[in-house]
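A.B. asks: just the structure for this:
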Amino acid sequence: MIIAVTTDGESISPRLTKNPVLTLYDVEDSIIKTKSELIIHEEEGRADTLKSRSVSTLICGAMDSESKAEIENSGIELIANVDGNAKKAVIRYLSGERLGSDKACEAEE
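C.D. replies: Next up, the predicted model:
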């Protein structure tokens, strides 16, 4: 399973659309095996790029309703409105902890 997290350094980026950098965590048996970085360019579709990398889950900060719909319609599990350290959020997710909320950020629309 591959989990993508929008990141700014080691932290979760506060806005999905404000930062093109994602950290990809390759997970097997609830253990992070590898970590890599992905930069999504504006002309690329975010959901298409994530699907092409076999991403099953996206953890991010706030997002607008258009981006939320794009990700959800692609079949990728979306966990929005999460903040803090990216790796710790992935570990919390893998342990079954509920993260974030499914609300879109109206301020970004």
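
A.B. asks: give the contact list for the residue lying closest to residue 46 once chain neighbours are set aside.
C.D. replies: The shortest distance from residue 46 to any non-neighbouring residue, by Cβ to Cβ, 6 or more residues apart in numbering, is to residue 40 (5.6 Å). No exception for glycine: its C-beta is placed from N, CA and C like everyone else's. The contact partners of residue 40, by Cβ atoms under 8 Å, 6 or more residues apart in numbering, come to 20, 22, 46, 49.

A.B. asks: neighbour-wise, which of the residues you listed leads?
C.D. replies: residue 22 (26 neighbours; other Cβ atoms under 10 Å).

A.B. asks: residue 29 versus that residue, what's the distance?
C.D. replies: The gap separating residue 22 from residue 29 is 23 Å, by Cβ to Cβ, to the nearest Å.

A.B. asks: same question, residue 75
C.D. replies: For residue 75 relative to residue 29 (Cβ to Cβ), the value is 23 Å.

A.B. asks: quick check, pLDDT for residue 19.
C.D. replies: You'll see residue 19 listed with a pLDDT of 75.

A.B. asks: residues near the nearest residue to it once chain neighbours are set aside, how many?
C.D. replies: Closest residue to residue 19 apart from its sequence neighbours, by Cβ to Cβ, 6+ apart: residue 13 at 4.0 Å. Per other Cβ under 10 Å, the neighbour tally for residue 13 reads 22.
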